[in-house]
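# my questions are about this predicted structure, shown below with the sequence.
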Amino acid sequence: MFSVYITENGRIGEIKNEQPGCWIKLTNPTEHECEKVSEEYNIELADVRAALDEDESSRVITEENYTLILIDIPTQEMVNVDISYTTIPLGIIIANGAVITVCSKETNVVKDFVDQRIRNFSTKKPKRFATQVIYNCCLVYQNLLRKIDRSRTEIENKVNEGLEDRDLMRLHYLESNLVYFATSLRANSSVLDRIKRYRILREHEEDEELLDDTIIENMQAIETTKIYQDIIKATSELFSTVINNRMNDTMKFLTSMTIVMAIPTIITGVWGMNVKLPFGNLSAGFLIVMIINIIACLVMVLILKIKKMM
């Protein structure tokens, strides 16, 4: 999908043709669209298509005619009817006064600009606009991290109600999501450090402050991810402990019931022998034997209760 936008009077609007100061948004572009941008702005085709490879690593490439910034951005997808989060590459190319973003999916990182959810941005300031895109990426990370923590809390609250296999799988997915986030955020941190060191995105004095804020937000996202990873690890250990305790309680109860039920089996087995036994000649003999069974079982239950085995 090929879209061109430009800001006028503080508002963004879509235009038909490219012009200086525009923003070209490529979302899962075709080969023809990539070649068109490559030829028009004199960019290597491999650099235009770099963000379409999910295994592409974050990096910064500075050429004579353009600058490519490749970062990992968060996105969500459906896994077994549950929402899961992962990361995909986003390419930001600054060339000839225009900003080109390339991504394999539509995400909130760039969609927020189209929907005017971001204030005070201008496509006519390409370097500042590129920094704002990265800054919004950090904010989206933090927003999704809060959603992950809320999902973890919902699962944790089910401990007393009874856990299901689906809850354990959801917790596993959340833990995997945080691994992706942690890896991508660290890679983005390296990119931001290089941008700051070589002043790649510095166009005006205030751009330096925005970049510093972006680095801080990225570091906070890294710390938050680490904290949530530790919490989910502790939650997983809690679930394992609870499940083991419940299994032990079940085994203890079944063992106790086996002991109790063994008593009447022994007594009735003895009285079932073909020999002369007490109460054998009495008409109420069967009733007496049953009363002995009941009393013996009650005594054993009392003993097990005292020893806290039931």
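Yes, it's here. Residues are numbered from 1 along each chain as shown.
# so Arg11 makes contact with Gln116?
Yes: with contact defined as C-beta atoms under 8 Å, Arg11 reaches Gln116; the gap is 6.9 Å. Any C-beta I mention is one placed from the backbone N, CA and C, and that applies to glycine too.
# of the two, who's got more company?
Taking neighbours as other C-beta atoms under 10 Å, Arg11 and Gln116 compare with Gln116 leading, 11 against 8.
# could you find the closest non-adjacent residue to the more buried one?
Ile12 (6.5 Å; C-beta to C-beta, 6 or more residues apart in numbering).
# kindly report the same for Glu56.
Leaving aside its sequence neighbours, Glu56 sits nearest to Pro89 (C-beta to C-beta, 6+ apart; 4.8 Å).
# equivalent analysis for Leu26, please.
Using C-beta to C-beta, 6+ apart and skipping residues adjacent in sequence, the residue nearest Leu26 is Val102, 4.5 Å away.
# and that neighbour, helix, strand or coil?
Classification of Val102 by DSSP: H, G, I helix; E, B strand; the rest coil places it in strand.
# what pLDDT is listed against it?
pLDDT for Val102: 97.
# could you point out which residue ranges in the stretch 151-300 of the chain have low pLDDT?
For the stretch 151-300 of the chain, the stretches with pLDDT under 70 are 274-275.
# hey, where'd the helices end up in it?
With DSSP state H, counting those that start in this stretch as the criterion, the stretch 151-300 of the chain has helices at 165-197, 205-271, 285-306.
# tell me the most buried of the ones you listed?
Ranked by mean neighbour count, the helices of the stretch 151-300 of the chain are led by helix 165-197 with a mean of 18 (mean count of other C-beta atoms under 10 Å).
# okay, the angle between that helix and helix 205-271?
Helix 165-197 and helix 205-271 are oriented at 160 degrees to each other (axes from the mean of the first three to the mean of the last three C-alpha atoms, to 10 degrees).
# which elements pack onto helix 165-197?
Applying 3 or more C-beta pairs under 8 Å, 6 or more residues apart in numbering; DSSP states H and E, we find helix 165-197 packed against strand 59-62, strand 66-79, strand 82-95, helix 126-156, helix 205-271.
# and these: which comes nearest Arg199?
Arg199 sits nearest to helix 205-271 of all these, at 8.1 Å, using C-beta to C-beta.
# give me the distance from stretch 106-113 to the chain's centre.
19 Å (C-alpha atoms, centre = their mean, to the nearest Å).
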